[in-house]
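[1] got a predicted structure here, sequence first:
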Amino acid sequence: MPLDRKIAYIDLTTGDIQTKPIPLDVRKKFLGGRGLDAYLLYNHTEKGCDPLGPKNTLMVSGGILTATCASATARTHIMAKSPLTGLLGSANMGGFFAPEMAWAGFHHLVIKGKAKHPVYIYIHNGEIEIRDARDIWGQSVTDSQWAIREDLGDQEVKSLVCGPAGENLVRFANVMTGIKNSGGRSGMGCVLGSKNLKAVAVRGTMDIKIARPKEALEYNKRFIDQIVSAKVNQTQGALGTPFIWGATNSWGGIRTRNFQYNQCEYADDIEPERIDEICEETMGKYHMTGCFGCQVHCRAQYKIPSGPYAGTYDEGPEYTSQGAFGGETDTPRAITVLTGNHLVNKFGMDNLETGSLISWAMELYELGIITSKETDGIDLKFGNDDAVIEMIDRICFRKGWLGDTLADGGIAASEKIGKNSFNYLIQVKGMSNLHSDERATPALALNSATGSRGSDHLRSRPAIDLYHLPEEVLRKIYSNPVPYDGPLSSEHTEYIGKPWQVFWQENCYMGVDCLGICKYHTTFLGATLPNFEDWSKVLYYNTGLEMTPEEIWDVAVRCNMIERLFNLREGLARDDLKKGDMLNHRYFDEPCRRGAIDVVGRKIDKKKFIQMIDEFYEHKGLDNNGVPKPETLKKLGLKNEPSHLV
Amino acid sequence: MTTEKEGLSTAESLRKTRTYGKFRCHNPTCMERIQPEKGKKTAKCPTCGMEYRVHWVNPNLPRIRGPVWDTNRKLAETKLKEMGVK
Amino acid sequence: MESMGKVLVINYEKCTGCRLCELVCAVMHDGISNPTRSRIKVIKWEAEGLYIPMSCQQCEDAPCMNVCPVKAISRDEEFGRLVIDYDVCIGCRSCVAVCPFGAMSFNSIDKKVFKCDLCDGDPQCVRFCEVNAIEYVDADDVSLLKKKDAAERISIAGKEAAALAAQV
């Protein structure tokens, strides 16, 4: 059976290591990657545990298709209780780590405890070793990876690491691999830091069997043709993810000056086309790179063109950095975006959270809620490029009162700053919203409010809602693989039918995250990209596991429910502004001031929004409080589970 | 190959709906398909009057780079005034 | 035979470093996913963003063929490739040691040397490389392609120089 894959349980306190096969019945219920991680997290983490304590459990995994002959299955998933939100922590990254871990013999790791001094875990062809990392501690994201290669004398080793931000317990530190592949959001790097775990290094030359190699190879070709023929991926392959920011800013969906505007005007210098010019000037015509086995190649390569870091090589910036260090702070200068992007990559820190908190602090400064006393004399006004760059450094190293305060995350900072600072904090469940502004797009607003790891675009965003697709096309997509005959609307400013779209996307994204496929290869940015039906075939040819599209859907619903159960156990309550499914009041009170003519003046209608949440809960099988109904759990086979350990 | 004989999935069947050489106006109530003149750097929506800067990803694939900023601001300010938003 | 005289041409500048070629090569030949089994290997300098795919050049005066003590390696004119006769091969790895490109590999699981066989005229690395970093072309055309590239660069440089001169 090609699915003879393993989990390793590693206790950093005792040094105890155990390996177990992944039982087939568990596979059928949770597949792998994020879904299986959620199941493991629920089982292995005690209710109410300290996210920074030894009892928090860290999951590292590849998807069930990772390291098979299926394209773009390079995603690594990391899960633990979040030190930022106290709820579900979950991060997903590309690169080359997960496949290498699979060839080294493992698809899942469960890491507990806390090492006495900095260590790293080395996995090589089925063998697991805990090694001294005292000499590597303190080094940047890339330097620590190169140091591990030196230590092991093997240049092919792939590592996931925490950078200085994780070591300094910045609550939104990333797990990183390669130059810039980031397991961002919800502070998984901080969990590594809290465990004295600098890195997990892997190197493998073991075989992964393919159930039907010929069919798998041919189907992969067909899959790739479908992917690369999509306009969205051709654009992505030319301009990288910044193209998303460009389009979004054009119609007026970019949060600017924290939340005062919904468009960053005269942003020509950070538009994707300008950034692409800089990449070409510094790296040549062919400056796009990709993750393992992916033909979209959405990641740009660049060298910083000027300033104190001139000539430094880095990758990106993704559209998140354009938002974080360009739009939100109203500093639409390429040099600021490229430098900011480099610093967060080097430090291993979430660009979205960092930029969002800096822009929040800027608004508080302009309102006089904080003053130059708290900023150590920094003139923290919107548009001050130097202040943005300085604050990134201060947050990572917890320098000064404000740097140290922001490093603890928005909610903790708002409690320390006091006054009415919380009212200006654009977050859900303790995690800052990304740089997008959803006041004109109710479907996207619903997605931000209900994402399992906090406000997020990668858990349930129906991005294709913006394309004004004909209703019959929407119907084709959203009534498959399970029937849906409720309303659907092509109007992205509408409220009708959106809860179903968000529910469908939530399951679609859980599906790809279980399989280990990148979201650019599914119904995320492109309406014609593969989903459930196509996955059923890929899964069969590669692993021999026969599952219908409906069964994959059921797995996704089940795994999303486990994430919900985890959050409920840790205190999620529907209307709680700090731990619930609710947006900041500004979404409902302050109209859009910029963008396309008919975006101007829009805001979210609170009554309709609450109705959308009700409807979304109904699709999920939750009661009015957002708690699963007993029959829902029974239907999903979770009635007596999660109860036993794998 | 068995896979070639199989029917198309929904995603694959939607492939024929792709339209090259055009983009949609970014204004939500408009969303008119605009076909910019090959190689031209700006395009105006014939229906709602929004004006866009155009970038050509390749000779057959235009995209909206962004609005023409001055027009964009003027339209927004007028709209806000009409709505009485301060 | 249309594949006669065709060769693999690698344009490393175009390579995105995704290593799909390694994956499909291993699956095509061994039915197994494991880049160690691949005949093509992308060598990387990650800190600089430089990726160079390396594969067999099917040399005319091939060191592997010359060094083989049992004459297990021979030229197959149909596909313009060097092939290993596994019935004759003794697994001494002399060919691995002598190959100037490191294109001859040794599989420690099956205990066999292995190299690129151009997939009998339909190289999968070429088929799957969407950016055309690897192409399968007539040997006669290789230098023509390079001439064209170089000419393009000269033309651009010429235009830039003219533009600079105009500014002055």
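    Perfect, thanks for sending it.

[2] buried residues in stretch B:36-47?
    The neighbour-count check on stretch B:36-47 (16 or more other CB atoms under 10 Å in any protein chain shown) flags B:Pro36, B:Ala43, B:Cys45 as buried. C-beta: built from backbone N, CA, C; applies to glycine.

[3] alongside chain A, which residues does chain C contribute?
    Residues of chain C that fall close to chain A, judged by CB under 8 Å from any CB of the partner chain: C:13-20, C:23-24, C:27-28, C:31-37, C:46-49, C:51, C:108-109, C:124, C:127-128, C:130-131.

[4] please pick the buried ones from the residues you listed.
    Among the residues of chain C next to chain A, the ones that count as buried by 16+ other CB under 10 Å are C:14-20, C:23-24, C:27-28, C:31-37, C:46, C:49, C:51, C:124, C:127-128, C:130-131.

[5] quick one: stretch A:168-184 to chain centroid distance?
    The chain centroid and the centroid of stretch A:168-184 are separated by 11 Å, computed with CA atoms, centre = their mean, to the nearest Å.

[6] and that stretch, C-alpha only, in PDB?
    This file holds the C-alpha atoms of stretch A:168-184, laid out as PDB (Å, rounded to 0.1, in the frame of the first residue of the first chain):
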ATOM      1  CA  ASN A 168      12.200  36.900  21.400                       C
ATOM      2  CA  LEU A 169       8.700  35.500  21.700                       C
ATOM      3  CA  VAL A 170       7.100  38.000  19.500                       C
ATOM      4  CA  ARG A 171       3.500  36.700  19.500                       C
ATOM      5  CA  PHE A 172       3.200  36.800  15.700                       C
ATOM      6  CA  ALA A 173       6.600  35.200  14.800                       C
ATOM      7  CA  ASN A 174       6.700  33.000  11.700                       C
ATOM      8  CA  VAL A 175       8.000  29.600  11.000                       C
ATOM      9  CA  MET A 176      10.100  30.000   7.900                       C
ATOM     10  CA  THR A 177      11.900  27.900   5.300                       C
ATOM     11  CA  GLY A 178      14.100  29.000   2.400                       C
ATOM     12  CA  ILE A 179      14.500  32.700   1.700                       C
ATOM     13  CA  LYS A 180      11.000  33.800   2.400                       C
ATOM     14  CA  ASN A 181       8.500  30.900   2.500                       C
ATOM     15  CA  SER A 182       6.600  31.800   5.600                       C
ATOM     16  CA  GLY A 183       4.300  29.900   7.900                       C
ATOM     17  CA  GLY A 184       2.800  33.200   8.800                       C
END
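
[7] what's the mean pLDDT across whichever helix in chain C runs longest?
    In chain C, taking DSSP state H as the definition, the longest helix is helix C:139-167. Model confidence over helix C:139-167, given as mean pLDDT, is 81.

[8] report all helices and strands that that helix contacts.
    strand C:6-10 (3 or more CB pairs under 8 Å, 6 or more residues apart in numbering or on different chains; DSSP states H and E).

[9] what sits up against the helix or strand following the strand it packs on?
    Sequence-wise, the next helix or strand downstream of strand C:6-10 (DSSP states H and E) is helix C:20-30. Residues outside helix C:20-30 that contact it (CB atoms under 8 Å, 6 or more residues apart in numbering or on different chains) are A:69, A:71, A:210, A:213, A:216-217, A:220, A:292-295, C:32-42, C:53, C:114, C:117, C:119, C:124-125, C:127-129, C:134.

[10] in helices, which of those residues fall?
    Those of the contacts of helix C:20-30 mapping onto helices are A:Pro213, A:Ala216, A:Leu217, A:Asn220, C:Gln124, C:Cys125, C:Arg127, C:Phe128, per DSSP H.

[11] give me every residue that touches residue 34.
    The chain I'm using is chain A. A:Ser61, A:Gly63, A:His77, A:Met79, A:Ser90, A:Asn92, A:Met510, A:Asp513, A:Cys514, A:Cys559.

[12] meant chain B actually
    B:Lys22, B:Phe23, B:Arg24, B:Cys25, B:Ala43, B:Cys45, B:Pro46, B:Tyr52.

[13] mind putting those into JSON lines with pLDDT and secondary structure?
    Shown next, in JSON lines, are the contacts of B:Ile34 (pLDDT from 0 to 100; DSSP: H, G, I helix; E, B strand; the rest coil):
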{"residue": "B:Lys22", "pLDDT": "90", "secondary structure": "coil"}
{"residue": "B:Phe23", "pLDDT": "92", "secondary structure": "strand"}
{"residue": "B:Arg24", "pLDDT": "92", "secondary structure": "strand"}
{"residue": "B:Cys25", "pLDDT": "93", "secondary structure": "coil"}
{"residue": "B:Ala43", "pLDDT": "94", "secondary structure": "strand"}
{"residue": "B:Cys45", "pLDDT": "92", "secondary structure": "coil"}
{"residue": "B:Pro46", "pLDDT": "91", "secondary structure": "coil"}
{"residue": "B:Tyr52", "pLDDT": "94", "secondary structure": "strand"}
